[in-house]
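> Okay, predicted coordinates and the sequence, questions at the end:
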Amino acid sequence: MANVFGGGDEMINVAATIITLYSLATLVGSYLAGALSDLWGPRRVMLLGVIIWVVFQAAFLGALSTESVALVGLTYFMRGFGFPLFAFSFLVWVNAVVPKQRNGAAVGWFYVMFTGGMPTIGSLVAIGMIPAFGGGFFGERWAMAASTLIVVAGFLIAWFGVRERHGSMRLAPAGETSTQVIFSGVRLSLTNKRVMMGFLTRLINTAPQFGMFIILPTVIAETLGWGQARWLLMTSIVFAGNILFNAAFGALGDKLGWASTVRWFGIVGSAVGLLLWWYVPHWVPAGSDSGFVVAVIAGTVFGILLAGFVPLGAIMPALAPGHTGAAMAMYTTAAGGATFLGSAVVAVVRPWGGNVGVVWAFVALYALAFLMTFALNVEQPGVTDAGGKRLSKADRRAAAAA
């Protein structure tokens with residue numbers, strides 16, 4: 001986008017602002033994914049999401065040809081409602097049917113596929129398609145157009161391949177009006193401070209990931225001289241590591257405790273990994289093959305430990321047992337809102353603090369999230385009591401036998 005508008009650092013900031021607006025749309029769309037799934041059933045919301053994505057993907061690509069900041073910004077903003085309506089309504093569906101004792105693993109498998117798609121297969125597709133269509137702006141534009149076919153294929157698999165009955169039914173309590181259902185998540189977060197803490201922790205969770213997607217492409221490809229293809233390859237490898245560990249950390253949370261897994265692996269681990277992903281590429285010889293390998297390894301540490309946040313998807317409904325749909329609406333809002341927070345931090349901090357300031361701002365957010373996890377202890381069948389304290393071996397054996 002920056003190049004379409006004329007290039008230069010100022011246009012990078014303009015593009016970052018447009019991405020922030022897109023991220024605002026994902027935040028709203030993520031909340032609606034949970035609320036509308038409660039009201040209409042997840043399948044209908046998934047259909048709405050894919051229609052919005054396809055229509056405004058085409059509109060965005062057309063707007064790029066006009067070089068109009070306003071038109072590009074508007075179409076990209078509307079496009080932002082699409083993916084959260086599709087993806088997070090499916091996550092609501094998963095949480096509606098999975099047994100509680102396996103909730104962490106189930107959410108982990110959701111994120112295996114989520115991460116496998118957007119940052120991983122998406123980058124691999126771009127690596128192949130951009131040069132296949134001639135490279136440069138032309139190649140990038142037609143690669144995005146062709147990727148729409150993959151999006152539609154994924155939708156068709158979900159639409160015709162998943163037939164579980166909860167997907168087509170209202171999930172909210174029968175006595176609640178449409179207005180009550182739509183605003184139930186907001187109401188819950190304002191009256192239950194633990195749900196609010198969970199919301200804020202999830203909001204911070206992947207914000208650095210999306211922030212790095214804004215600042216790192218130029219740094220890796222141009223400043224450090226590894227080129228666009230290697231940046232895309234780095235992204236694929238970093239988040240392939242995340243894919244491999246999403247299910248593992250979900251299962252680990254089911255065994256060791258959800259809150260502890262989030263606190264030590266998700267937050268502390270991700271903060272360390274983020275610093276490694278930023279600083280190591282600057283410490284190794286720029287543009288060298290060996291330096292690229294070491295930089296990718298450093299980034300993969302971040303990708304792997306980011307999976308430590310997976311149990312949050314099990315914690316949120318457990319924080320409000322009588323209002324699980326509303327709690328999941330806030331979880332999905334935070335998941336989409338992380339895109340907004342990540343790009344907003346870049347837009348606000350980068351003009352005065354530079355890229356380094358952005359990285360340390362994210363580390364500070366992780367420190368806040370660490371403190372908030374002490375409000376997220378929940379009873380976990382066979383693992384922890386209501387205060388989050390781990391059960392004794394005898395109690396765990398008794399629970400397993402029961």
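Cool, got the structure.

> A251 is in what secondary structure piece?
For A251, the host element (DSSP states H and E) is helix 227-256.

> helix or strand right after that helix?
For helix 227-256, the following helix or strand on the C-terminal side (DSSP H and E) is helix 258-261.

> I'd like the average pLDDT over that following helix.
Here helix 258-261 scores 92 as its mean pLDDT.

> what helices or strands is it leaning on?
helix 227-256, helix 312-319 (3 or more C-beta pairs under 8 Å, 6 or more residues apart in numbering; DSSP states H and E). From N, CA and C alone the C-beta is placed, and that goes for glycine too.

> how about CSV for those helices, with distance to G104 and mean neighbour count added?
Shown next, in CSV, are these (distance: least, C-beta to C-beta, whole Å; neighbours: other C-beta atoms under 10 Å):
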stretch, distance to G104, mean neighbour count
helix 227-256, 4, 22
helix 312-319, 4, 26
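
> Let's have these in TSV, adding distance to V54.
Below are the helices and strands packed on helix 258-261 laid out as TSV (distance: least, C-beta to C-beta, whole Å):
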stretch	distance to V54
helix 227-256	23
helix 312-319	27
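
> Which neighbouring elements make contact with the helix holding A251?
In terms of contacts (3+ C-beta pairs under 8 Å, 6+ apart), helix 227-256 is packed against helix 103-115, helix 122-132, helix 207-218, helix 258-261, helix 289-306, helix 312-319.

> That helix vs helix 122-132, what angle?
Relative orientation of helix 227-256 and helix 122-132, computed by axes from the mean of the first three to the mean of the last three C-alpha atoms, to 10 degrees: 170 degrees.

> okay, the angle between helix 227-256 and helix 312-319?
Interaxial angle, helix 227-256 versus helix 312-319 (the same axes, to 10 degrees): 40 degrees.

> what's the offset of helix 227-256 from the middle of its chain?
Relative to its chain's centre, helix 227-256 lies at 12 Å (C-alpha atoms, centre = their mean, to the nearest Å).

> And the helices and strands packed on helix 258-261: which comes nearest A35?
helix 312-319 (14.3 Å; C-beta to C-beta).

> mind saving the C-alpha coords of the closest one as CSV?
Extracted as CSV, the C-alpha positions of helix 312-319 are listed here (Å, rounded to 0.1, in the frame of the first residue of the first chain):
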residue,chain,number,x,y,z
LEU,A,312,-7.2,-18.9,27.4
GLY,A,313,-9.9,-20.2,25.1
ALA,A,314,-10.8,-22.7,27.8
ILE,A,315,-10.4,-20.2,30.6
MET,A,316,-12.9,-17.6,29.3
PRO,A,317,-16.1,-19.7,29.3
ALA,A,318,-15.0,-21.2,32.7
LEU,A,319,-14.9,-17.7,34.2
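
> which secondary structure elements does whatever helix or strand comes next after it contact?
Sequence order places helix 324-372 as the next helix or strand after helix 312-319, per DSSP H and E. Under the contact definition 3+ C-beta pairs under 8 Å, 6+ apart, helix 324-372 sits against helix 9-40, helix 82-97, helix 184-191, helix 193-205, helix 207-218, helix 269-283, helix 312-319.

> Tell me who's in contact with the closest residue to L276 other than its chain neighbours.
Nearest residue to L276, sequence neighbours excluded (C-beta to C-beta, 6 or more residues apart in numbering): A298, at 4.1 Å. Contacts of A298 were listed using C-beta atoms under 8 Å, 6 or more residues apart in numbering, and they are G273, L276, W277, Y279, V280, P281.

> now do 6 Å
By C-beta atoms under 6 Å, 6 or more residues apart in numbering, the contact set of A298 is L276, W277, V280.

> what's the burial count for the second one?
Counted with other C-beta atoms under 10 Å, the neighbours of W277 add up to 25.

> and the helices and strands packed on helix 324-372 as a markdown table, adding mean pLDDT and distance to V349?
Shown next, in a markdown table, are these (pLDDT from 0 to 100; distance: least, C-beta to C-beta, whole Å):
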| stretch | mean pLDDT | distance to V349 |
| --- | --- | --- |
| helix 9-40 | 86 | 11 |
| helix 82-97 | 90 | 24 |
| helix 184-191 | 92 | 26 |
| helix 193-205 | 95 | 15 |
| helix 207-218 | 92 | 9 |
| helix 269-283 | 97 | 14 |
| helix 312-319 | 90 | 25 |
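
> Deepest-packed of the ones you listed, please.
helix 312-319 (a mean of 26; mean count of other C-beta atoms under 10 Å).

> any low-confidence regions in the stretch 51-200 of the chain?
Regions of the stretch 51-200 of the chain meeting the criterion pLDDT under 70 are absent.

> Point out the one among the helices and strands packed on helix 258-261 that comes closest to V356.
Nearest of these (C-beta to C-beta): helix 227-256, 18.8 Å.

> Run the angle between the closest one and helix 103-115 for me.
170 degrees.

> how about the helices and strands packed on helix 324-372, which one is nearest V294?
With C-beta to C-beta as the criterion, V294 lies closest to helix 269-283 of those, at 6.2 Å.

> Need the residues that contact the closest one.
With contact meaning C-beta under 6 Å, 6+ apart, helix 269-283 is reached by 208, 224, 295, 298-299, 301-302, 305-306, 308, 359, 363, 366.

> about what we covered before: quick one, which of the helices and strands packed on helix 227-256 gets closest to N192.
Proximity to N192 (C-beta to C-beta) singles out helix 312-319 among these, at 6.9 Å.

> Can you spell out which helices and strands pack onto that closest one?
Applying 3 or more C-beta pairs under 6 Å, 6 or more residues apart in numbering; DSSP states H and E, we find helix 312-319 packed against helix 103-115, helix 193-205, helix 324-372.

> swap the cut-off to 10 Å and go again
Helix 312-319 sits against helix 82-97, helix 103-115, helix 193-205, helix 227-256, helix 258-261, helix 324-372, with contacts defined as 3 or more C-beta pairs under 10 Å, 6 or more residues apart in numbering; DSSP states H and E.

> Return the distance of it from the chain's centre.
How far helix 312-319 lies from its chain's middle: 16 Å, per C-alpha atoms, centre = their mean.

> repeat for stretch 23-42
Distance of stretch 23-42 from its chain centroid, counting by C-alpha atoms, centre = their mean, is 14 Å.

> C-alpha coordinates for that stretch, PDB please?
Written as PDB, here are the backbone C-alpha positions of stretch 23-42 (Å, rounded to 0.1, in the frame of the first residue of the first chain):
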ATOM      1  CA  SER A  23      -8.000  -4.000  12.600                       C
ATOM      2  CA  LEU A  24     -10.800  -2.000  14.200                       C
ATOM      3  CA  ALA A  25     -13.200  -3.800  11.800                       C
ATOM      4  CA  THR A  26     -11.800  -7.100  12.900                       C
ATOM      5  CA  LEU A  27     -12.400  -6.200  16.500                       C
ATOM      6  CA  VAL A  28     -16.000  -5.400  15.900                       C
ATOM      7  CA  GLY A  29     -16.400  -8.400  13.600                       C
ATOM      8  CA  SER A  30     -14.900 -10.600  16.300                       C
ATOM      9  CA  TYR A  31     -17.400  -9.500  18.900                       C
ATOM     10  CA  LEU A  32     -20.300 -10.000  16.400                       C
ATOM     11  CA  ALA A  33     -18.900 -13.500  15.600                       C
ATOM     12  CA  GLY A  34     -19.600 -14.600  19.200                       C
ATOM     13  CA  ALA A  35     -22.900 -12.600  19.600                       C
ATOM     14  CA  LEU A  36     -24.400 -13.500  16.300                       C
ATOM     15  CA  SER A  37     -23.400 -17.200  16.700                       C
ATOM     16  CA  ASP A  38     -25.400 -17.200  19.900                       C
ATOM     17  CA  LEU A  39     -28.300 -15.700  18.100                       C
ATOM     18  CA  TRP A  40     -28.400 -17.300  14.700                       C
ATOM     19  CA  GLY A  41     -26.000 -20.300  15.100                       C
ATOM     20  CA  PRO A  42     -22.400 -20.400  13.900                       C
END
